[in-house]
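[1] coords please:
(one chain, ligands or ions: 1)
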Amino acid sequence: MTSWFVSNVLSYNCSDLIFSAYGPRWRYARKIFMVNLLSARRISSFQAARKQEILTPWLDWLDPQGLKKKLSSVSKKCDTMWQGILDDRKRKLEAARGDQATDGSKSEEQDIVDALLTRLVDEDDGENLTEVEMKAFIMNIIFAGTDTTSNALQAVLGELLKNPSIMEKAQAEMDSVVGRKRLVEESDLPNLPYLNAIVKENFRLHPPGPILIPHLSTEDNKILGYEIPAGTTLFVNVHAIHRDPALYERPLDFYPERFLGSEKDVHGFDFDLLPFGAGPRMCPGKGLALAVVFYTVALVIQTCDLRLPENLKLEDLTDLIALRRNSLLQALVNLGYPKTS
Ligand code: HEM
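    Numbers count the residues shown, from 1 in each chain. Presented below is the predicted three-dimensional model:
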């Protein structure tokens, strides 16, 4: 990926995964993300928690708005926070190891930070992870994983508010598959095709990473007659692909039905639906993100009736993606669904 001032500050000089250049160290970091931190088994082990919580280089030296200064100061505050998390977990991990040694008790299920620390301490595959890299990874997970997921949720809730008939259809599906006597479980999700179609349609119309993350070409290439020299920064305009009328009928409509009975999915094999990118730099948090988005939307559909407050009109809900301090989505929520008796 491309290295700029902002990326250097936010990634401990590219010691992370997002901004590190393709090469052996990136491969090592990627393996840790995929195998140790975000494997299907580990994502599944967070189920209980989910349920409970529901710039131009030659102008680089200029800083007319004082943004670099602010960024450096924020970065120092973040570093103190990440260091605090690591130190706290190290202490807890050592205490748990002590207990295990004395009474043979097994430690509890690990979260991602525990997994990072265990990896540093337990595994010996000839490579190790420095504390700076661990902090960079924690920062990646928080920065890459929170805004994206919350934007996806904000957008889908907005669409459900704007389209009451879609909400009703989704609630009818929920009623017939899960019923009203228990809460929906993650294991129900494969049996809810309309919910799946809603989530896919939301990722199509509102991809949280509309131009992915900037890529750097590693060799000379020619695409559609254009020469792309090695070292070019490339953006993939997924937002435009997803709204291309040559690929999707009525591309600006929120129309989940288009995905019913379709094999098309968000896993990086269908190049007209790429909310998580594709190829070796594809989002390693896809599994976790999908689990959180699906389950949250499922719970909302099952337990809430949504409507707009009096002071908001449907037209106010056009811009759902941009995160602006004063444009938070407001909705009136009528809890009490499902009726459990
Ligand atoms: C709805 C939620 C999410 C969306 C839409 C999303 C989307 C993306 C996209 C589009 C990319 C760039 C892919 C490319 O340029 O080819 C990416 C990269 C990345 N994402 Fe996500 N992401 C989400 C959630 C998460 C979560 C939950 C995590 C971590 C827990 C995460 C961690 C990362 C990391 C570390 C990278 C950089 C990978 C690399 O450069 O090798 N993302 N994500």
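
[2] residue 280 and the ligand, how far apart?
    Distance of residue 280 to the ligand, computed by Cβ to the nearest ligand atom, to the nearest Å: 7 Å. Heads up, the C-betas are built off the backbone N, CA and C, glycines and all.

[3] the residue nearest to the spatial centre of the chain: what's it in contact with?
    By Cα atoms, centre = their mean, the chain has its centre lying nearest to residue 145, at 4.0 Å. By Cβ atoms under 8 Å, 6 or more residues apart in numbering, the residues touching residue 145 are 285, 288-289.

[4] host element of it?
    helix 131-162 (DSSP states H and E).

[5] so which bits of the stretch 51-200 of the chain are right by the ligand?
    140-141, 144-145, 148-149, 152 (Cβ under 6 Å from any ligand atom).

[6] now render those as CSV, adding pLDDT.
    Shown next, in CSV, are those (pLDDT from 0 to 100):
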residue, pLDDT
140, 89
141, 89
144, 90
145, 90
148, 94
149, 94
152, 93
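
[7] which two among those residues are spaced furthest apart?
    Every pair in these was compared (Cβ to Cβ); the two farthest apart turn out to be 140 and 152, at 17.9 Å.

[8] the nearest residue to residue 134 once chain neighbours are set aside: neighbouring residues, count only.
    Nearest non-adjacent residue to residue 134, counting by Cβ to Cβ, 6 or more residues apart in numbering: residue 116, 5.1 Å away. For residue 116, the count of nearby residues is 25 (other Cβ atoms under 10 Å).

[9] quick one, strands of the stretch 151-300 of the chain?
    With strands called from DSSP state E, counting those that start in this stretch, the stretch 151-300 of the chain shows them at 215-216, 221-223, 226-228, 233-234.

[10] what pLDDT does residue 55 get?
    Looking at residue 55, its pLDDT is 47.

[11] I'd like the numbering to begin with 225 instead of 1 from here.
    Got it, first residue is 225 now, which makes that one residue 279.

[12] one step back: what sits against the residue nearest to residue 358?
    256, 260-261, 353, 358, 361-362 are the contacts of residue 340 under Cβ under 8 Å, 6+ apart.

[13] ok, now residue 458?
    So residue 458 contacts 438-441, 452 (Cβ under 8 Å, 6+ apart).

[14] state the distance from the residue nearest to residue 358 to the ligand.
    In terms of Cβ to the nearest ligand atom, residue 340 sits 12 Å off from the ligand.

[15] check which helix or strand that residue maps to.
    Assessed by DSSP H and E, residue 340 sits inside helix 336-346.

[16] also residue 533?
    Assigned by DSSP H and E, residue 533 falls outside every helix and strand.

[17] quick one, longest helix in the protein?
    Across the chain, the longest stretch assigned as helix under DSSP state H is helix 291-327.

[18] could you measure from residue 267 over to residue 437?
    Separation of residue 267 from residue 437 (Cβ to Cβ, to the nearest Å): 21 Å.

[19] more neighbours: which of the two?
    The residue with more neighbours, out of residue 267 and residue 437, is residue 267; 21 against 16, by other Cβ under 10 Å.

[20] report the separation between the more buried one and the ligand.
    In terms of Cβ to the nearest ligand atom, residue 267 sits 9 Å off from the ligand.

[21] quick check on that residue: phi, psi?
    phi -60, psi -40 (degrees, to the nearest 10).

[22] circling back to that earlier point, and the longest helix of the chain, how far out from the chain's middle?
    22 Å (Cα atoms, centre = their mean, to the nearest Å).
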